Each structure stands twice: as structure tokens, then as C-alpha cells.
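[1] Make a model of this:
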Amino acid sequence: MNTPTPAPPGAISDLFVIGGGINGCGIARDAAGRGLSVVLAEQGDLAQGTSSASTKLFHGGLRYLEYFEFRLVREALEERETLLVAMPHISWPMRFVLPLSPDMRFDNDTPTARLLGRLMPWMRGRRPDWLIRLGLFLYDHMGGRRILPGTRTLDLTRDAAGKALQPRFRKAFEYSDAWVQDSRLVVLNARDAAARGARILTRARVVAATRTGDHWTVTVQRNGTTETHRARALVNAAGPWVESVLRNVTRVNSGDGVRLVRGSHIVVRRMFDHDRCYFLQGSDGRIIFAIPYEQDFTLIGTTDQDHRGEPGQVACTDAERDYLLAFANRYFARALTADDVVWTYSGVRPLYDDGASSATAATRDYVLRLDENGPPLLNVFGGKITTYRRLAESALARLAPHFPQARGAWTARVALPGGDFPHDGVPALVARIEARYPFLPAGAAARLVRHYGTESFDILGDATGPADLGPDFGAGLTGAEVRWLMTHEWARTAEDVVWRRTRSGLRLTPDQIAALDRWMQAQALAA
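    Reported below is the predicted structural model:
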């Protein structure tokens with residue numbers, strides 16, 4: 001790997017990236033790998049916003065076909081397998097069960113609904129089985145699928161997937177998509193960017209960015225001090241804050257805007273005894289997923305609501321919770337109540353404001369706007385986690401005329417840290433860890449592999465027993481793992497560890513999390 005030398009503080013970097021979500025970290029990684037010097041600043045923790053609050057899916061977006069978003073769907077489908085090869089530890093194939101019912105309806109805003117309404121008015125807005133199967137045929141063939149199996153039809157009266165559903169559901173389609181550990185994806189992109197020479201600044205708020213001759217002067221507040229950075233180009237990948245950065249930090253006039261759409265999720269105890277996901281269609285045209293989550297839970301989401309408040313002040317409302325519960329209760333045999341909800345989370349999607357009539361209809365495609373009125377400014381609007389790598393390639397292509405020395409695209413199928421093993425090699429890797437560290441509790445090796453891949457060996461080191469791993473904070477979280485996260489992955493607080501680097505917060509008590517935080521602060525002071 002040809003690693004560029006990081007620009008020292010005060011020197012002019014090639015690229016300054018604002019935003020430590022998936023788009024910012026993906027762009028930083030791609031640029032650093034092309035030989036450019038890069039600085040990235042994130043105002044909080046990596047993936048603290050939207051990128052840790054997704055539905056955790058690498059998917060083409062089956063419902064986007066109804067909006068004729070064919071390029072977006074094709075690109076996302078192509079990316080699924082590219083990403084499965086590059087990150088087999090944090091992403092894996094998943095089968096989706098789509099129960100069929102005559103009650104299902106289109107969203108009236110979709111182009112497909114309007115077209116069928118003109119051609120087949122007797123359908124009365126129904127989403128017929130044959131049309132779903134046609135969509136799944138396109139889904140199977142648009143993206144050059146090689147690893148993932150294709151669609152099949154299920155008899156729910158015989159298949160195990162039918163046991164959790166109400167008896168009225170007798171038939172379903174089953175198709176393929178993929179799961180991803182979303183916030184770990186962000187951190188691993190940041191780590192690979194840093195390994196290739198990028199400087200990653202967390203808890204670093206950009207308060208001003210001005211054009212000064214042939215470069216940008218960027219003012220950053222970090223650790224109680226003010227820093228000044230200079231860069232030949234500025235990338236605004238601030239996610240939900242992209243418009244705020246554009247207006248209030250760079251003070252550049254632009255007609256582009258962002259539409260903030262809140263997506264909320266609920267987590268309940270495990271509802272079914274298999275590893276498939278359910279794709280559920282609503283009578284209102286919406287869809288939700290019910291997904292196996294962290295072994296013992298089921299994740300249900302998402303909503304689509306326009307968000308009017310501050311991007312950082314977002315939570316699942318009682319109305320959204322009840323909507324998701326009622327939606328699930330139209331399908332599952334076991335009725336859920338608010339008492340079954342063990343956790344909720346919500347994120348704000350920064351969609352490009354295309355003037356759509358509803359949050360559901362707003363485009364999920366990404367839009368890149370390059371301002372070349374002086375040193376270049378690239379503003380990143382929208383996007384989805386599945387296409388982050390392609391977005392980064394597109395961003396670097398837009399900036400390429402300003403950096404003729406940069407090398408070409410390189411990230412396709414290149415492993416992220418810990419992902420240097422075959423896409424179907426998880427069982428073998430788990431077995432190797434269990435053989436080398438026989439004292440680990442049941443399930444611990446699998447959890448480590450699904451977070452760290454081959455780097456699990458670096459975390460466990462020469463340990464010969466539990467005592468060598470340091471304190472046990474609960475839920476399998478040890479001092480050795482937390483030290484690794486603090487040293488290698490910018491973790492500073494217990495929240496960083498239990499809700500973004502891992503999801504152990506689902507199993508830890510508030511007292512355990514507080515004890516972990518005290519231990520981390522003591523470790524930081526002693527360092």
C-alpha cells in the first residue's frame with residue numbers, strides 16, 4: 001500500500017472533509033487511497049448521527065422500483081456483492097420473506113400507482129402479486145447477482161417462516177438482500193483512511209470555512225482550543241447538517257436544499273426462531289421490515305416522517321412506536337404492545353429536496369453539487385448506506401480535474417480492516433478463535449468475528465484465560481476489547497462503545513454502563 005505522508009498541522013492538505021458519517025468517511029478513505037492528503041472533522045463521535053440509525057441493510061431498495069429509480073436500484077444491487085466481499089465480518093447475506101395479501105396497496109404518489117390507475121382502474125390501488133413478482137425478477141437480474149440466491153415462492157402453511165405469522169397468510173415470496181453493521185462500517189472506513197494517511201479528528205466542530213486565494217481556511221474547535229486548517233478543496237458531507245454548513249459555515253449561496261426525513265425503529269424480544277427477515281406491506285402503501293437483531297431481538301422499522309426540528313434532537317415518538325406496533329400486529333400471530341419494546345432509536349435522513357409531495361416519495365438518490373467559484377466546494381446531498389462507496393467514487397471523479405496527480409478508483413472489493421478472509425469464511429474463522437482461546441464463553445468468538453473479523457486475534461492477543469482480558473463489564477465486553485476501541489477506533493465514552501462500536505447497550509444495565517464510563521475516563525487520564 002502506497003501511503004501518503006499526512007500533511008502536518010498548518011500545511012495545506014488536498015482535501016478537508018466535514019462529516020464523520022458514512023459518506024464523509026467513505027470519501028476520506030477513497031481520497032487517501034488515491035494519494036491525496038486528507039483531513040476529516042466530525043463534530044461528535046464517528047457515526048453519531050444518521051449512519052448509526054439506519055435499518056442496517058445493504059439492499060437495492062425494492063420499493064424504489066415503484067418510483068422508477070432504476071439507476072439507483074441497479075447501482076445498489078451491484079454494490080451488495082462488492083461490499084459482501086470487502087467486509088464479510090460486518091455484512092452477510094439475508095433472506096427476506098414477503099407475505100402476500102390482497103389488502104396491500106400502493107402509495108398513491110408512486111409513478112407505478114398512477115400508471116396502473118390509468119391502465120387498470122379496476123385494481124383500485126392494489127399492489128398485485130404478479131407485479132411484486134415482476135419487481136423481484138428485475139431485482140434478481142439488474143445487479144449481476146452471483147453470491148446471493150434468487151427469488152422463490154414459499155408455502156407458508158408448510159415453511160417455518162409461516163409459523164410466526166397469522167394463519168391468513170398462506171403464500172410469500174422469498175428474496176435476497178444483505179445485513180450490515182452500520183456504525184462499524186463507518187469506523188472501519190475511517191480506520192482505513194487513517195492507515196492510508198488521513199487525519200481523523202473527532203469531537204472537532206468546524207465553525208468557519210472561507211476561501212483564501214487558492215485554498216480554504218477552515219476553523220475547527222477541538223478539545224477546548226481553536227485550530228486552523230488549510231485545504232485545496234472542501235467536501236461538505238455533514239449529512240443532516242449539510243445545508244447548515246453550506247449556509248452558516250461556508251456562507252456560500254446555493255439553491256440546493258435538504259429535506260430532513262425521520263426514520264424511527266423499535267426493538268422487541270425475538271419474535272421468531274429463524275434467521276430470515278420479513279418485508280411487510282401496509283394498507284397505506286408503506287413497508288416495514290422485521291429483522292433478526294443481535295441474536296435475542298427483533299428490529300422493526302422504519303417510519304418516514306418529515307423532521308422539523310434540529311437534526312441532533314431526534315427520537316422515536318409514541319405515535320411512531322404505536323404505528324410500527326400496529327403495522328407488525330397486522331402480520332404476526334403474537335400481538336405486540338408498548339411493553340414489549342426494549343429500545344427505540346431514530347435517525348434523520350438528509351434527502352435531497354426534490355420537491356416531492358411526501359417524505360416517502362422523496363428521492364433516496366444522492367446528489368453532488370460542485371461549486372468552483374474559487375477553490376472547489378463539493379456538497380453531498382442524500383444517498384443511502386448501500387451506495388456509499390459509489391458515492392465516494394463519484395465525488396472523487398467530480399474533483400479529479402483539480403487533482404491530476406491522484407490515482408484512479410481502487411476501492412471495489414478491497415477489504416476493510418478485519419475483512420481479509422473469504423465472504424463465506426465466518427464459520428472457519430470462529431472455529432479458529434474458539435480453538436486458540438478455549439476459555440471464551442459460548443457465542444463470544446462469533447460476536448467478536450461479527451465486529452472485528454481477523455482483528456479479533458489482535459484484541460485477544462496472548463490471553464490464556466479470562467483474567468488476561470481485564471475487567472468484565474457484562475454482555476461479553478472486556479477491558480481488552482474496550483482498550484482496543486479506545487486505542488484504534490476513537491472511542492471516548494461508554495456511549496461510543498455500547499451503542500456504536502457494539503450494541504451491548506441492549507444487554508447492559510445503566511449501572512454497568514456508568515461503571516464502564518468511569519473505567520474509560522480513568523484509562524484516558526492514565527494514558
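
[2] Hmm, residue 433 and residue 457 touching each other?
    Yes: using CB atoms under 8 Å, residue 457 is in contact with residue 433, at 7.2 Å. All C-beta spots, glycine's among them, are computed from the backbone N, C-alpha and C.

[3] higher neighbour count, the two?
    More crowded of residue 457 and residue 433, by other CB atoms under 10 Å: residue 433, with 19 against 16.

[4] measure the more buried one to residue 398 for me?
    43 Å (CB to CB, to the nearest Å).

[5] Direction included, what does the one helix or strand residue 98 maps to pair up with?
    For residue 98, the element it lies in under DSSP states H and E is strand 91-99. Using DSSP bridges, the strands paired with strand 91-99 in its sheet are strand 171-180 (antiparallel), strand 277-281 (parallel).

[6] How far away from the center of its chain is it?
    Distance of strand 91-99 from the chain centroid (CA atoms, centre = their mean, to the nearest Å) equals 17 Å.

[7] nearest to residue 241, of the strands paired with strand 91-99?
    strand 171-180 (23.1 Å; CB to CB).

[8] Mind listing what's buried along that closest one?
    Neighbour counts over strand 171-180 (16 or more other CB atoms under 10 Å) mark 171-180 as buried.

[9] Okay, helices next: where are they in the stretch 301-450 of the chain?
    Under the criterion DSSP state H, counting those that start in this stretch, the stretch 301-450 of the chain contains helices at 318-329, 388-399, 426-436, 444-452.

[10] Just put those helices in TSV and tack on distance to residue 471 and mean pLDDT.
    Listed next are the helices of the stretch 301-450 of the chain as TSV, based on distance: least, CB to CB, whole Å; pLDDT from 0 to 100:
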stretch	distance to residue 471	mean pLDDT
helix 318-329	35	97
helix 388-399	35	97
helix 426-436	21	98
helix 444-452	15	98
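
[11] Next, format those as CSV and append distance to residue 468.
    Output for these, formatted as CSV (distance: least, CB to CB, whole Å):
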stretch, distance to residue 468
helix 318-329, 43
helix 388-399, 37
helix 426-436, 13
helix 444-452, 14
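
[12] Those helices: which one's closest to residue 163?
    Among those, helix 318-329 sits nearest to residue 163 (CB to CB), with 15.5 Å.

[13] quick one: the closest one to strand 277-281, angle?
    Counting by axes from the mean of the first three to the mean of the last three CA atoms, to 10 degrees, helix 318-329 lies at 100 degrees to strand 277-281.

[14] Helix 318-329 - contacts with which helices or strands?
    Applying 3 or more CB pairs under 8 Å, 6 or more residues apart in numbering; DSSP states H and E, one finds that helix 318-329 makes contact with strand 258-269, strand 287-293, strand 297-301, strand 341-352.

[15] Pull up the pairing partners for the third one, direction included.
    Sheet pairing for strand 297-301, assigned by DSSP bridges, gives strand 258-269 (antiparallel), strand 287-293 (antiparallel).

[16] just how off-centre is the last one within its chain?
    Read it as strand 287-293. Worked out by CA atoms, centre = their mean, strand 287-293 lies 15 Å from the chain centre.

[17] can you give me the mean pLDDT across that strand?
    Mean pLDDT, computed over strand 287-293, is 95.

[18] Please enumerate residues in contact with it?
    55-57, 63, 94, 96, 179, 267, 270-272, 274-282, 298-302, 324, 327-328, 331-332 (CB atoms under 8 Å, 6 or more residues apart in numbering).

[19] C-alpha coordinates for it, PDB please?
    C-alpha atoms of strand 287-293 as PDB (Å, rounded to 0.1, in the frame of the first residue of the first chain):
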ATOM      1  CA  ILE A 287     -43.500  -1.000   4.000                       C
ATOM      2  CA  ILE A 288     -41.500  -2.000   7.100                       C
ATOM      3  CA  PHE A 289     -39.000  -4.700   8.000                       C
ATOM      4  CA  ALA A 290     -38.900  -7.100  10.900                       C
ATOM      5  CA  ILE A 291     -35.300  -8.300  11.200                       C
ATOM      6  CA  PRO A 292     -33.400 -10.700  13.400                       C
ATOM      7  CA  TYR A 293     -31.200  -8.500  15.600                       C
END
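
[20] Could you tell me the angle between the direction of that strand and that of strand 341-352?
    130 degrees.

[21] show me where pLDDT drops low in the protein?
    For the chain, applying pLDDT under 70 flags the ranges 1-10, 103-127, 355-364.

[22] Just list the residues touching the residue nearest the centre of it, thanks.
    By CA atoms, centre = their mean, the chain has its centre lying nearest to residue 182, at 3.5 Å. By CB under 8 Å, 6+ apart, the residues touching residue 182 are 22, 47, 51-54, 56, 385.

[23] The same query, at a cut-off of 7 Å, please.
    Neighbour list for residue 182: 51-52, 54, 56, 385 [criterion: CB atoms under 7 Å, 6 or more residues apart in numbering].

[24] Quick one: buried ones out of the residues you listed?
    51-52, 54, 56, 385.

[25] ok, so of those, who is nearest residue 80?
    Using CB to CB, residue 385 comes nearest to residue 80 of the buried ones among the contacts of residue 182, at 11.3 Å.

[26] so who does the closest one touch?
    Counting by CB under 7 Å, 6+ apart, residue 385 has contacts 22, 54, 180, 182.

[27] Without its sequence neighbours, what residue ends up closest to residue 386?
    residue 76 (4.4 Å; CB to CB, 6 or more residues apart in numbering).

[28] Which neighbouring elements make contact with the host helix or strand of that neighbour?
    With secondary structure defined by DSSP H and E, residue 76 is part of helix 70-86. Counting contacts by 3 or more CB pairs under 7 Å, 6 or more residues apart in numbering; DSSP states H and E, helix 70-86 is packed against strand 91-99, strand 171-180, helix 388-399.

[29] and with 10 Å instead?
    strand 57-58, strand 91-99, helix 129-141, strand 171-180, helix 388-399 (3 or more CB pairs under 10 Å, 6 or more residues apart in numbering; DSSP states H and E).
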